[in-house]
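*Asks:* Here is my input, please return the structure:
(one chain, ligands or ions: 1)
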Amino acid sequence: MKTESSKALFDAAQHVIPGGVNSPVRAFKSVGGQPLFIKKADGAYLTDQDGNDYIELINSWGPMLFGHNHPHICCAVSNAIENSLSFGAPNAAEVKMAEKIVEFVPSIEKVRMVNSGTEATMSAIRLARGFTKKEKIIKLTGCYHGHGDSFLIAAGSGALTTGVPDSAGVTWGAAKDTLLADFNNIDQVEALTRQHPGEIAALILEPVAGNMGCVLPNPGYLEALRQICDREQIVLIFDEVMTGFRLAKGGAQELFGVMPDLTTLGKIIGGGMPVGAFGGKSEIMDCISPVGDVYQAGTLSGNPVAMAAGLAMLELIEQNSSSLYQDLERITTHIVNSIQSFIDQHQLPCTLNQVGSMYSLFFTSQKVVDFESAKSTDLEKFKQYFQLMLNLGIYLAPSQFESLFISTAITDQLADKIISSNEKALGLVFELETSQPA
Ligand code: KE4
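*Replies:* Residues are numbered from 1 along each chain as shown. Down below sits the predicted model:
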């Protein structure tokens, strides 16, 4: 596969951009080789600078629910651009977007637009602290909420201690206010509320984790968190930046029937443009300035072009909602079940997690239910698998600890190509006699 143009661009990029990328995961650090520079994308395909086409399962890390370059979204953006790119003033599209979000997401009564998922989660935490007048938050290991200081916190040495900075530049002052519990472990949350009575402002989680690979909540887990937060007057925040509009029109909260107090959104909500949002009960949201005393602001928040893209995305969801999520689940289940059959047939040390159009293949025999079990995966085997799949024309997330996404652009025919490529790649990774050369 020719990759000279990508290599030349990567060499140039590293002189002027840290690591040559504007987001670390794109650097292919955990899968080796050099990152591919993408020239264009259409439907289910990415095309790199050297003209190589790939069926892609990243969907730009989630937003591309209907595949790339969807005419309805592109047309909406073109029309919006004619009226200038930004006003820095209220505009009709913001109102329509907010009304749509309130209509789609069951727990949201009011919503504030921002420009990324990180901005949404940072703002939601500050809002929860301002609303409750309490300072500590509970975060779950393996969940990622963007790069805000409150979230770049690792579990302390002893279980149930306060967090420790998980990035240079994050202060101990920030870390002391973040408590850690393991995803799917309700006893640890109970223990933290006993250790810190009256101190905890919020508990934030991905209701379906996507950032340790795809990991589902155990039955009853979300309901138990809801009960604890009600009892302890803790603001329950569902970070649905990834799951929002991905798992259902109303996100994971609709799918699982558990209502948070605040929800953070991103990715799909922008249709591929930089958009995030946070929303929830009016009682809480009205603490945000200029109504309340929790400050939050943004030059390009509610940008009219970004709103046009996001609105077009939500319109597509609305127009297709009768079968959209069933269709996405059907084809994703077909892919996952076919790979699972191959794993069972050859008794491979692999496990798959799936919910709706999100799934992950882990290189471990353990059931992956939390960060510890996710970390039991064989990263060397994942690296081989990733590179083999790339050579077979399938572009996966360049990290084991990411979820894959299926868009409506993945037809049954493309699903069969994904399945056969998985069989070839796994055959080579595990050196099965029956495997065909890549
Ligand atoms: P952004 O600031 O990247 O828009 O959103 C942060 C964020 C918040 N919450 C969840 C659940 C998220 O998944 C994310 C961002 N996701 C990663 C991929 N897992 C974005 C990719 C990247 O960092 O380049």
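
*Asks:* for the ligand, what are the nearby residues on this protein?
*Replies:* Neighbours of the ligand within the chain, by Cβ under 6 Å from any ligand atom: 23, 25, 61, 116-118, 121, 144-146, 206, 210-211, 239, 241-242, 266, 276, 402. To be clear about C-beta, it is placed using only N, CA and C from the backbone, and glycine gets the same treatment.

*Asks:* Which of those fall in strands?
*Replies:* Of the positions in the residues of the chain next to the ligand, Asp239, Gly276 sit in strands, assigned by DSSP state E.

*Asks:* Please, where are all the strands along the stretch 301-438 of the chain?
*Replies:* Applying DSSP state E, counting those that start in this stretch to the stretch 301-438 of the chain gives strands spanning 351-355, 358-362, 394-395, 404-405.

*Asks:* Out of the ones you listed, which one sits most buried?
*Replies:* strand 404-405 (a mean of 26; mean count of other Cβ atoms under 10 Å).

*Asks:* Could you spell out the sheet neighbours of that one, each with its direction?
*Replies:* strand 358-362 (antiparallel) (DSSP bridges).

*Asks:* Could you check how far the strand it pairs with is from the centre of its chain?
*Replies:* Relative to the centre of its chain, strand 358-362 is centred 13 Å away, using Cα atoms, centre = their mean, to the nearest Å.

*Asks:* Could you shift the numbering so residue one becomes 528, and keep it that way?
*Replies:* Got it, first residue is 528 now, which makes that one strand 885-889.

*Asks:* For the protein, which segments are assigned as helices?
*Replies:* 531-543, 598-608, 619-631, 644-659, 699-702, 713-722, 748-759, 778-783, 809-812, 831-847, 851-873, 898-901, 906-918, 939-956 (DSSP state H).

*Asks:* Can you say which of those is packed in most?
*Replies:* Most buried among those, counting by mean count of other Cβ under 10 Å: helix 644-659, with a mean of 24.

*Asks:* Output the below-cut-off pLDDT ranges for this structure.
*Replies:* For the chain, residues meeting the criterion pLDDT under 70 lie at 683-689, 960-965.

*Asks:* OK, contacts around the closest residue to the ligand within it?
*Replies:* Residue nearest to the ligand within the chain (Cβ to the nearest ligand atom): Gly644, separated by 2.3 Å. By Cβ atoms under 8 Å, 6 or more residues apart in numbering, the contact set of Gly644 is His672, Gly673, Asp766, Val768, Thr791, Leu792, Gly793, Lys794, Gly803.

*Asks:* Those residues into CSV, with extra columns for distance to Lys951?
*Replies:* Formatted as CSV, the contacts of Gly644 follow (distance: Cβ to Cβ, whole Å):
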residue, distance to Lys951
His672, 36
Gly673, 36
Asp766, 36
Val768, 34
Thr791, 39
Leu792, 38
Gly793, 35
Lys794, 31
Gly803, 38
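
*Asks:* which among those gets closest to Val785?
*Replies:* Asp766 (13.7 Å; Cβ to Cβ).

*Asks:* List the beta-bridge partners for that closest one.
*Replies:* Applying DSSP bridges, one finds that Asp766 bridges with Thr791.

*Asks:* Show me which of the residues of the chain next to the ligand are buried.
*Replies:* 552, 588, 643-645, 648, 671-673, 733, 737-738, 766, 768-769, 793, 803, 929 (16 or more other Cβ atoms under 10 Å).

*Asks:* Contact partners for the residue lying closest to Asp939 once chain neighbours are set aside?
*Replies:* Once flanking residues are discounted, Asp939 sits nearest to Ile858: 6.8 Å by Cβ to Cβ, 6 or more residues apart in numbering. The contact partners of Ile858, taken as Cβ under 8 Å, 6+ apart, are Ser884, Ile933, Ile937, Asp939, Ala942.

*Asks:* Which phi and psi values does the residue most central in space within the chain adopt?
*Replies:* Nearest residue to the geometric centre of the chain (Cα atoms, centre = their mean): Met769, 3.2 Å. Here is the backbone geometry of Met769 (degrees, to the nearest 10): phi -90, psi -40.
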